[in-house]
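# Build me a structure from this.
(chains A and B)
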Amino acid sequence: MYFKNRYVVKAAGESGQGVNSIGEILAKAIKNNGLYIFGYREYPSLIKGGYASYQIDIADQEIKSSSKECDLLMCLSRVSFQMYLETVRENGSVIHSIYKLTLSPEEQAYVEKNKIHIIYIPAQDLAIELGGKRIMSNTIMLGAIWQVLGLEIIGLEAKIKEIFAKKPDVIDINLKCLQAGYKYDLSGLTRAVLKISEHKNFKDDLLMTGNHSISLGAIAAGVRVFYAYPMTPSSSILSYLASVYHETGMLVKQIEDEISVANMGVGSMFMGARTLIATSGGGFDLMTEAVSLTGITETPLVCILAQRPGPGTGLPTWTSASDLNIAVYSGHGEYTRCVVAAHDIESCYLVTQHAFNIAEKYQIPVIVLTEKQIAESIFQVDHMPKDIPIERGLLSDEELEKAVSADRFKITESGISPRWLPGSCDATFDANSDEHLSDGSLTEDAIPARQMYEKRIRKEESLLKELPEPEIYGSDNPDISFVGWGSVKNSVIDAMNILADYSDKKIAYMHYEYVYPIRTEKFIKYAKTAKKLVLIENNALGQLGSLISSKTGVLFKNRLLKYDGRPFFIEEIISYIQDKE
Amino acid sequence: MTCKSCSSNKTPTMKDFQSNNLFTWCTNCGNYGIHTALRRALVAKKIPACQTLNCFDIGCNGNGSDKIGGYSFHGLHGRVIPMACGATMANSKMTVIAFGGDGGTLGEGVGHLVHAIRGNYNITFVLHNNLNYGLTKGQASPTTLKNMKMNSSPDGVTSELLHPANFVLSLESTFVARSFSGNVKHMAKTFEQALDHRGFSFVEILQSCPSYNKETPHEWYMDRVFDISNLADYDSSNRQQALAIAQDQEEKIAIGVLFQDKKSVPQIEKQPNRKDIVTDAYEETRHYDISKLLSKFR
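This next block holds a predicted model:
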């Protein structure tokens, strides 16, 4: 165990070998045994083959990030062994089911240098000997992992029974396989020493991904229509909402392309149904024309933009935070928009709800940024946050009775005009993508065109007043002052918690959740007193940094940027803090 | 039809669909006739203006978005169909009509047309087919005749033309009609039938363009169109017959309801999880309790 009370186990194999199922069972069983986990998945953009992993960081307190190195690696395939051997730390262990595994000279050297203990388990033979099928070798490996974790077998047995509840005939054989793995001779392997947390009822804790939380936030906020075209890492919002649509009654539709998704979203929102759309960078590119349309027709729109590395197809199944620029600058013309970046379960849930209030009240597009690291990683929380009250910014029935067509796009100081839904009597209007007068009638005259343009731009100022300043975490008198957004927060906060135990370095982190329009008052003070200001982002250009610099003139000389498709691992942040001064 | 928000029962008049804005179309533009026919059809069907959403694409037709009463949405070039489909999915009680030209619909937005037909969304779609891009001053569109010399193709168009009605009939469309911009009465009747249809109603209007289509002017169509309702043995439930009769666009051009599937079920009624829900999505915005969904995450 490298960090105090943090243990890391990684299950690896080919895509299609069941690595994800092993990880999910393990994560839930560990959680139920009184521990906190964070689950991180790596997988290739193919159906079968390649290498995939499910890494579980285990701790005695809440964690939201992954370690770079693991204490125990469980391998089902040769390719994954080669890929992940060097993620096993000094004195770490490997258990595998690879028949006649021989190590290359480089692998042998790594194993010797780092004193790594490797044990082969003939899991497929064992499963067949026990009367099971080959695939049950995964259950044997699960039992073996459990043995190394040193946890009571009863906790894992319960999970197995639950998972196979619908196939009772395979429960017994799976339990036998589990026992075989649990009892398998692993003498010599370093066992985990897990500190069971004293906290309450772990069984009630929830394990979910950011995409689950976004979906739940949308359901709670009264979203009744969801349109999407599949694109990793946003697709599981579509599959989750579809899986529960009998319970929710939500209209969940897979649409032919992202252009239609966005325009159907505009149509449904225009009629007054809370409608969510979701995509990733490439799909968002196709949507941007419609985003611009919402700017001039003053139609609310909420889009989830789950980021992955580009350009083009990039690294489709990996993580990134490189689409802040398209969220902020996409779409032709100038208009008010809002960009929010979620980072964990609470944030995904609340930001989705808040996005609808902002979109409806200000009649603007709101783009909610997430990353594959947030969208698909597995977080543990003990409850969902309290819902935000729904605000729609619609006229009341009494106000509507007095409304006339020319109120709909009325020039106001705040830039916000009265809004009501089509179908209401008499005060009909034209939501016109051509420049228009206050009832939507087309105009090309300079004065009204400028007035209407300015009205829409003024909404940004009004919105900015409502948006929260960034939050600061950590020391009041820091040696290093980080600034970041998105999943970076989870890694930095976890690193800070670890460092607090054995380092004198004082760290602060400023987190931007509401990214655009951007508030900078707090940042300016923070930057002024910073001994060392460090921009940290999951991209190569420092996109948030550029945005802040353009508004404040403050330049970021120190940058910790990562753009290889992987999230920030806590070791990387810790070594940056400790080594680079 | 009653206004859903005030329950008033007043009969809609032509005036309800009038606007004070001045028309900006060319003299003798086919749009004038289409506009009038549409208003007549809405009044004839007793649809209140406040229960009507007219959705416009970009093009000469779109310049009419503020020339008609009721609610209007003037969207993006080629994208009016998905916008209108989204509108009817959220509010199935309002009458949703969409208008697009041959360029936007069959060029930039042809994929949307195909999928809206597959989905059978409950809208009336009017194709203003004037065989060119008028608003951008006379470039070739997918329906421009081959070899025609246009602004963008001085030596003549080199691609084959696309027959809108045949194309749409080749898909699993549920309502395909054709009319002519020079015959307001026929268009109004056709629009009425389209409004009655439950599903995606495709209405192609053969539209004269006095500025950029000198080849097939008003008179050219006048000499060629014939109403299929005058044919004694025409069966509009027979797609093969429709395909055959729609084929000729040179000599004898059939107008009227070419095909209709009377058993058509619109997309909104095909939702397996909403069979028992009587409200529309736009009426359902409220806080929903998610606690029952959480057990799967434990």
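
# which residues sit in contact with the one residue in the stretch 1-150 of chain A that gets nearest to chain B?
In the stretch 1-150 of chain A, the residue found nearest to chain B is A:Lys28; the distance is 7.8 Å by CB to the nearest CB. (Each C-beta comes from the backbone N, C-alpha and C, glycine too.) Residues counted as contacts of A:Lys28 (CB atoms under 8 Å, 6 or more residues apart in numbering or on different chains) are A:159, A:207, B:298.

# Quick check, pLDDT for it.
A:Lys28 is assigned a pLDDT of 95 by the prediction.

# And for A:Ser197?
Looking at A:Ser197, its pLDDT is 78.

# How about it, nearest residue that isn't a chain neighbour?
Nearest residue to A:Ser197, sequence neighbours excluded (CB to CB, 6 or more residues apart in numbering or on different chains): A:Asp60, at 4.6 Å.

# List the contacts of the one you found.
Residues in contact with A:Asp60, defined by CB under 8 Å, 6+ apart, are A:5, A:35-36, A:194-197.

# ok, the closest residue to chain B within the stretch 201-350 of chain A - how many residues close by?
For the stretch 201-350 of chain A and chain B, the shortest gap (CB to the nearest CB) falls at A:Gly267, measuring 2.6 Å. Neighbour count for A:Gly267, taken as other CB atoms under 10 Å in any protein chain shown: 36.

# I'd say it and B:Met83 touch.
Yes - between A:Gly267 and B:Met83 there is a contact under CB atoms under 8 Å: 4.3 Å.

# follow-up on the earlier one: out of the contacts of A:Lys28, name the ones that lie in helices.
Among these, the ones falling in helices (DSSP state H) are A:Lys159.

# State the distance from B:Lys275 to chain A.
Distance of B:Lys275 to chain A, computed by CB to the nearest CB, to the nearest Å: 10 Å.

# circling back: secondary structure element holding the residue of the stretch 201-350 of chain A closest to chain B?
Taking DSSP states H and E as the criterion, A:Gly267 maps to helix A:258-271.

# Now for the residue of the stretch 201-350 of chain A closest to chain B: which residues touch it?
Applying CB under 8 Å, 6+ apart to A:Gly267 gives the contacts B:55, B:73, B:82-90.

# what's near enough to touch the closest residue to chain A within the stretch 101-250 of chain B?
Residue nearest to chain A within the stretch 101-250 of chain B: B:His115 (4.2 Å; CB to the nearest CB). Residues in contact with B:His115 (CB under 8 Å, 6+ apart) are A:255-256, A:260.

# and chain B, which of those contact it?
The subset of the contacts of B:His115 within reach of chain B, by CB under 8 Å from any CB of the partner chain, is A:255-256, A:260.

# neighbour-wise, which of those residues leads?
The residue in the ones next to chain B among the contacts of B:His115 with the most neighbours, by other CB under 10 Å, is A:Ser260 (28 neighbours).

# In which helix or strand does the residue nearest to that residue when sequence neighbours are not counted reside?
Sequence neighbours aside, B:Pro82 is the residue nearest to A:Ser260 in space, at 4.0 Å (criterion: CB to CB, 6+ apart). Assigned by DSSP H and E, B:Pro82 falls within helix B:80-90.

# Run the angle between that helix and helix A:258-271 for me.
If you take axes from the mean of the first three to the mean of the last three CA atoms, to 10 degrees, helix B:80-90 sits at 50 degrees to helix A:258-271.

# hang on, the earlier thing: what is the nearest of the contacts of B:His115 to A:Leu130?
Using CB to CB, A:Ile255 comes nearest to A:Leu130 of the contacts of B:His115, at 48.0 Å.

# Can you give me every residue that contacts the closest one?
Going by CB under 8 Å, 6+ apart, A:Ile255 touches A:227-229, A:261, A:264, B:82, B:115.

# Kindly reformat those as a markdown table and extend each row with pLDDT and distance to A:Gly188.
A markdown table is the format used below for the contacts of A:Ile255 (pLDDT from 0 to 100; distance: CB to CB, whole Å):
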| residue | pLDDT | distance to A:Gly188 |
| --- | --- | --- |
| A:Tyr227 | 98 | 56 |
| A:Ala228 | 98 | 50 |
| A:Tyr229 | 98 | 52 |
| A:Val261 | 98 | 55 |
| A:Met264 | 98 | 61 |
| B:Pro82 | 98 | 63 |
| B:His115 | 98 | 61 |
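
# if we can go back for a sec, and the two most separated of the contacts of A:Gly267?
B:Phe73 and B:Met89, at 14.3 Å, using CB to CB across the contacts of A:Gly267.

# Identify the residues contacting stretch A:106-123?
The contact list for stretch A:106-123 (CB under 8 Å, 6+ apart) reads A:82, A:85-86, A:88-99, A:101, A:103, A:137-138, A:140-141, A:144, A:181, A:184, A:186, A:188-190.

# Swap in 6 Å and give it another go.
The contact list for stretch A:106-123, computed with CB atoms under 6 Å, 6 or more residues apart in numbering or on different chains, reads A:85-86, A:88, A:90-95, A:97, A:137, A:140-141, A:144, A:184, A:186, A:188-189.

# Residue ranges in the chain under the pLDDT threshold?
I'll assume chain A. Flagging of chain A using pLDDT under 70 yields the residue ranges A:1-2, A:199, A:580-581.

# not what I meant, chain B
For chain B, the stretches with pLDDT under 70 are B:1-8.

# For it, give the residue positioned nearest to chain A.
Closest point on chain B to chain A, by CB to the nearest CB, is B:Gly86, at 2.6 Å.

# and the one helix or strand A:Ile536 maps to, which strands flank it?
Assigned by DSSP H and E, A:Ile536 falls within strand A:533-537. Strand partners for strand A:533-537, identified by DSSP bridges, are recorded as strand A:480-485 (parallel), strand A:558-561 (parallel).
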